[in-house]
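> one predicted model, sequence on top.
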Amino acid sequence: MKWTKWLCAFLFVLVIADAAWAREGAKPFQVNNRLRFEYDDNIYQSENDKESSFKIIEELEFLVNFNLQNTYIGVRYRPSYVWWDERPSDSTDFQNELDFILNQTFSPRLTLSVVDTLRRGESPKLKDDAGNVVRENSDFYYNTLNGTLGYLLRPSTRLELAGRYIALRYDEDMYSDSEDYDLYVGGLTLRHQVVPETTLIGEFRGEGVEYEGPDRGSKSVYVGGGVEQIFSPSLIGNVVGGYQQKEFNDDEIDSQSSPYVDASATFLPTPATRISAGVGYSMFETEVYPFASQDRAQVYASIAHDFTARVALYLSGSYIVGDYSADQALREPDPANPSVGAKDGQEETLQVSARVTYQINRSNWLEAGWQYSDFTSDLEYNDGAKMREDFVENRVDVGWKTQF
């Protein structure tokens with residue numbers, strides 16, 4: 001799919017929306033423009049022989065939001081152009097992001113929500129929207145589709161049937177032949193509000209992942225439960241956990257079972273300050289060939305604070321550890337060279353970012369940001385060759401955002 005098809009799809013939706021707005025007498029259409037000047041001290045994300053570059057990033061953002069009586073549709077299209085001052089391989093990148101949201105109320109009891117996210121990357125990024133490491137030297141498509149059908153069994157009890165599909169596609173055959181994947185998820189969630197402040201959760205879901213090339217696919221079953229708690233008007237938390245069973249398509253890899261947990265909290269100490277944090281642990285898919293799975297733990301947090309009505313600060317950080325076992329890798333990924341099998345190992349990803357914005361007037365903002373990334377990996381093949389490079393990267397930018 002070319003990016004021009006995305007634009008045509010967006011314009012098609014816009015035409016339909018425009019007709020609806022004309023009937024309603026309002027046009028909730030918004031255009032934002034963001035111009036940034038950035039310095040990147042490690043543009044190839046290399047451990048040694050680092051190369052830095054100044055770059056200019058121009059982003060347009062088109063937002064469409066409209067409501068019918070029982071329907072909400074939101075579309076966001078963001079193309080961006082990047083010019084690099086010192087990148088011999090290619091001095092320009094063109095990125096595309098397309099998001100679509102549909103919320104439909106069929107009756108007071110039955111609702112549907114659909115969210116689709118499509119990304120086209122012309123240069124590798126450290127992480128995709130799901131937190132997976134995506135940094136091969138190849139352009140890629142990434143798409144995730146989520147759908148939830150909710151039914152209110154009783155005023156305090158709600159049943160949700162949900163599904164998710166994720167796809168990653170690299171352009172280069174040397175990566176796509178082993179690292180492209182499709183992920184399918186489906187499940188049921190039951191929510192019961194015991195008291196206004198407490199909601200109990202029960203969940204059951206199945207998951208399947210399929211990779212291109214040698215069969216690293218697997219199927220998982222999750223069974224668990226949790227609680228959502230409103231401790232006070234300024235503190236909300238939730239935790240969901242249970243047990244996961246994973247069966248691998250390759251008969252040489254034994255099945256695995258493990259507990260999983262996902263917990264988060266949001267704290268608003270003052271009207272001007274918002275703090276969020278969370279932790280998670282589970283067996284997870286991986287693009288690191290020849291492994292079929294990883295045990296992934298993550299911690300993340302963010303702080304947003306409005307110093308004044310015009311000045312705001314946003315800080316965020318995440319730390320992800322992936323543990324890899326040779327028992328969960330293909331035994332002989334290359335029959336002609338068995339030594340390329342894998343050893344036990346670990347990867348760590350640390351990201352920290354900060355951004356300050358100043359609102360000049362109703363439609364214009366100045367901003368400055370910094371992002372720090374630290375990636376380390378000790379994964380090795382049996383012959384001692386390292387699978388991926390460590391790197392440290394700093395990116396600093398200043399910019400101007402305007403809203404039309």
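Thanks, I have the structure now. The shown structure was predicted, so the numbers you read here are calculated from the model rather than taken from an experiment.
> every contact and neighbour count from this point should use C-alpha atoms.
Fine.
> next one: Y165 from K343, what distance?
In this structure, Y165 and K343 are separated by 31 Å, where distance is defined by Cα to Cα, to the nearest Å.
> so which residues of the stretch 251-400 of the chain form strands?
Along the stretch 251-400 of the chain, the segments classed as strands by DSSP state E, counting those that start in this stretch run 256-270, 273-284, 294-306, 311-324, 345-361, 364-377, 391-403.
> err, the stretch 101-250 of the chain, not the other one
Counting by DSSP E, counting those that start in this stretch, the strands of the stretch 101-250 of the chain are 110-121, 140-154, 157-170, 181-195, 198-211, 218-232, 235-248.
> list the buried residues in stretch 250-268.
Buried positions in stretch 250-268, judged by neighbour count with 16 or more other Cα atoms under 10 Å: D250, I253, S255, Y260, V261, D262, A263, S264, A265, T266, F267, L268.
> excluding its backbone neighbours, what's nearest the third one?
Spelled out, it's S255. E247 (4.7 Å; Cα to Cα, 6 or more residues apart in numbering).
> what is the burial count for the one you found?
The number of residues packed near E247 is 17, by other Cα atoms under 10 Å.
> circling back to that earlier point, let me have the buried residues of stretch 250-268 in TSV, adding pLDDT as columns.
Conversion of these to TSV gives the following (pLDDT from 0 to 100):
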residue	pLDDT
D250	90
I253	91
S255	94
Y260	96
V261	97
D262	97
A263	97
S264	97
A265	98
T266	98
F267	97
L268	97
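> now these as TSV including distance to L183?
Putting the buried residues of stretch 250-268 into TSV (distance: Cα to Cα, whole Å) gives the following:
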residue	distance to L183
D250	17
I253	19
S255	18
Y260	18
V261	20
D262	19
A263	23
S264	24
A265	28
T266	29
F267	33
L268	35
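> ok, these vs G74, which is closest?
Lowest distance from G74 to these (Cα to Cα) belongs to T266, with 25.6 Å.
> ok, now which ones touch the closest one?
Contact criterion Cα atoms under 8 Å, 6 or more residues apart in numbering gives S234, L235, I236, G237, R274, I275, S276, A277 as the residues in contact with T266.
> ok, now S353?
With contacts taken as Cα under 8 Å, 6+ apart, S353 has the following neighbours: L315, S316, G317, G369, W370, Q371, Y372.
> would you turn the strands of the stretch 101-250 of the chain into a markdown table with distance to N394 and mean pLDDT?
Conversion of those to a markdown table gives the following (distance: least, Cα to Cα, whole Å; pLDDT from 0 to 100):
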| stretch | distance to N394 | mean pLDDT |
| --- | --- | --- |
| strand 110-121 | 20 | 94 |
| strand 140-154 | 23 | 95 |
| strand 157-170 | 25 | 95 |
| strand 181-195 | 30 | 96 |
| strand 198-211 | 32 | 96 |
| strand 218-232 | 36 | 97 |
| strand 235-248 | 33 | 96 |
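> of all those strands, which one comes closest to V356?
Between V356 and the strands of the stretch 101-250 of the chain, the shortest separation by Cα to Cα is 24.9 Å, and it involves strand 235-248.
> which of the residues in the closest one are buried?
Neighbour counts using 16+ other Cα under 10 Å place I236, G237, N238, V239, V240, G241, G242, Q244, Q245, K246, E247, F248 of strand 235-248 among the buried residues.
> give me the below-cutoff pLDDT ranges for the protein.
Segments of the chain classed as low confidence (criterion: pLDDT under 70) are 1-27, 122-137, 332-340.
> let's see 50
By pLDDT under 50, the weakly predicted segments of the chain are 1-3, 6, 17, 20-23, 126-131, 133.
> centre of the chain to the helix or strand encompassing Q95, how far?
For Q95, the host element (DSSP states H and E) is strand 92-105. For strand 92-105, the separation from the chain centroid amounts to 13 Å (computed by Cα atoms, centre = their mean, to the nearest Å).
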